[in-house]
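In: what follows is a protein structure lacking sequence information:
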Ligand code: PLP
């Protein structure tokens with residue numbers, strides 16, 4: 001048997017992003033028991049740091065021991081019961097997954113559909129809220145990773161509140177990369193992922209639930225159908241200060257990594273991290289446009305951390321071009337997803353990947369290959 005040695009890549013796709021050595025070092029520390037008092041202290045620290053990242057005082061703020069998809073599922077299975085109605089905004093792949101979740105809860109999805117490359121339209125959402133006063137949930141993706149579009153979470157959450165609707169917000173790609181204020185915007189349930197703008201390895205999903213969301217969960221008449229994601233059970237593990245009970249064995253070393261990444265975010269400051277993503281995006285955009293590449297998304301809705309550019313017509317085999325980037329430059333960029341497969345590239349500038357040297361590498365490599 002030979003040891004696996006991963007190649008050294010620069011990750012500029014839709015995630016995972018580059019992981020700084022500091023986080024890898026943190027993860028390589030000795031494993032301790034997940035109920036060890038030292039680990040419990042770490043859990044408390046992580047909760048506090050996540051509250052900062054999400055800008056919330058929500059007591060139920062913690063990382064689920066599973067990827068972003070589990071964060072999504074956790075929000076839906078806990079807040080929806082069979083027969084409930086949820087308004088789901090779909091403007092890309094991940095809105096579609098939300099609909100799947102609703103249906104699997106035995107609930108009814110009312111879909112507000114916007115074109116891929118467009119943000120969620122608040123007027124259409126308001127109409128849907130008026131047409132469906134019995135809707136319990138409004139759910140949308142803040143930063144659609146499949147298209148590179150940012151939607152106006154603040155306005156959408158305000159509309160939901162005006163219609164007595166709880167909100168579920170997908171912040172897998174936005175946390176740490178775009179302004180996001182859970183309490184000020186009145187978000188009820190939010191989930192993210194470790195591998196995007198937090199620059200951790202994949203596998204953890206930070207989540208946060210408001211008091212309104214918890215009230216809805218407490219008033220459920222059916223058991224949550226997922227044992228692992230049932231918040232009433234997970235809460236005893238993450239929330240039982242001093243007296244935690246066993247729920248599952250937390251991925252201890254992954255938590256070391258998340259803790260380190262959140263320390264890095266706090267040291268930099270959220271506003272500075274948001275500004276860095278924007279500054280790097282502007283540099284990349286200037287270089288890409290100089291090469292004649294065009295963005296899919298209008299400037300006002302573009303994600304700085306995910307640049308979706310149309311594949312030039314003269315490129316007949318886009319997969320071969322990405323393969324060359326990987327083989328000759330050790331550079332990963334993302335392919336189009338779903339309906340955009342073969343039509344766009346998704347160039348990520350997430351977290352630690354949002355830096356000048358990555359921008360330069362990507363522009364130089366693309367210039368060489370496209371010429
Ligand atoms: N939601 C969005 C917007 C995403 O970009 C992703 C992953 O790319 C997910 C959900 C699912 O996250 P994960 O792949 O960590 O399960």
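Out: It's in. On a predicted model such as this, the values are computed, not experimentally measured, just so you know.

In: CA only for contacts and neighbour counts going forward, please
Out: Fine.

In: low pLDDT regions in the stretch 151-300 of the chain?
Out: The stretch 151-300 of the chain contains residues with pLDDT under 70 at 240-243.

In: tell me where it has helices.
Out: Here the stretch 151-300 of the chain has its helices, by DSSP state H, counting those that start in this stretch, at 153-162, 182-185, 211-218, 231-238, 252-268, 270-290.

In: what's the domain layout of the protein?
Out: Following automatic domain parsing, the chain resolves into domains at 10-15+271-370, 21-266.

In: touching the ligand at all, the longest one?
Out: The one in question is domain 21-266. Yes - judged by C-alpha under 6 Å from any ligand atom, domain 21-266 and the ligand are in contact via 67, 68, 69, 94, 144, 145, 170, 172, 173, 193.

In: and the two most separated of those?
Out: 67 and 144 (16.5 Å; C-alpha to C-alpha).

In: those two: which is more packed in?
Out: More crowded of residue 67 and residue 144, by other C-alpha atoms under 10 Å: residue 144, with 30 against 20.

In: and the helices of the stretch 151-300 of the chain, which is most packed in?
Out: helix 252-268 (a mean of 21; mean count of other C-alpha atoms under 10 Å).

In: residue nearest the centroid of this structure?
Out: Central residue of the chain (C-alpha atoms, centre = their mean): residue 172, 0.6 Å from the mean position.

In: isn't that one right up against residue 193?
Out: Yes - Residue 172 is within contact range of residue 193, at 4.8 Å (criterion: C-alpha atoms under 8 Å).

In: need the overlap of contacts for those two.
Out: residue 68 (C-alpha atoms under 8 Å, 6 or more residues apart in numbering).

In: returning to that earlier point: the domains of the chain: which one's closest to residue 4?
Out: domain 21-266 (16.2 Å).

In: can you get me the start-to-end distance on that closest one?
Out: 17 Å (C-alpha to C-alpha, to the nearest Å).

In: next up, the contacts around residue 70.
Out: Applying C-alpha under 8 Å, 6+ apart, the residues contacting residue 70 are 64, 205, 229.

In: if you could redo that for residue 179, that was the one I meant.
Out: By C-alpha under 8 Å, 6+ apart, the neighbours of residue 179 are 271, 274.

In: okay, residue 343 and residue 171: tell me how far apart.
Out: Relative to residue 171, residue 343 is positioned 25 Å away (C-alpha to C-alpha).

In: can you list the residues that contact stretch 274-292?
Out: Outside stretch 274-292, the residues within contact range by C-alpha under 8 Å, 6+ apart are 176-179, 294, 304-305, 307, 349-351, 354-356, 359, 363, 367.

In: same deal with stretch 36-47?
Out: Residues contacting stretch 36-47 (C-alpha under 8 Å, 6+ apart): 32, 33, 34, 61, 62, 63, 238, 252, 256, 258, 259, 262.

In: go again with 7 Å.
Out: Applying C-alpha atoms under 7 Å, 6 or more residues apart in numbering, the contact partners of stretch 36-47 are 61, 62, 259.

In: mind checking pLDDT for the first one?
Out: Taken from the predicted model, the pLDDT recorded for residue 61 is 97.

In: what are the bridge partners for it, then?
Out: residue 208 (DSSP bridges).

In: is it in contact with residue 208, as I believe?
Out: Yes - counting by C-alpha atoms under 7 Å, residue 61 does reach residue 208; the two are 4.1 Å apart.

In: now, which of the contacts of stretch 274-292 lie within strands?
Out: Secondary structure defined by DSSP state E assigns residue 307 of those to strands.

In: of the contacts of stretch 274-292, buried ones?
Out: 176-179, 294, 304-305, 307, 349-351, 354-356, 359, 363 (16 or more other C-alpha atoms under 10 Å).

In: burial of residue 84, as a residue count?
Out: Residues near residue 84, counting by other C-alpha under 10 Å, number 17.

In: and the closest residue to it other than its chain neighbours, how close does it get to the ligand?
Out: In space, and not counting its chain neighbours, residue 84 is closest to residue 107: 4.8 Å by C-alpha to C-alpha, 6 or more residues apart in numbering. Look at residue 107 and the ligand: by C-alpha to the nearest ligand atom, to the nearest Å, they are 20 Å apart.

In: right, and residue 107 touches residue 81 too?
Out: Yes - Residue 107 sits in contact with residue 81 when judged by C-alpha under 7 Å, with a separation of 6.4 Å.

In: compare the two (neighbour count), which wins?
Out: Looking at residue 107 and residue 81 with other C-alpha under 10 Å, you find the greater number of neighbours at residue 81, namely 22 against 19.

In: now find how far off-centre stretch 282-301 is within its chain.
Out: For stretch 282-301, the distance from its own C-alpha centre to the chain's C-alpha centre is 23 Å (C-alpha atoms, centre = their mean, to the nearest Å).

In: okay then, goodbye and thanks.
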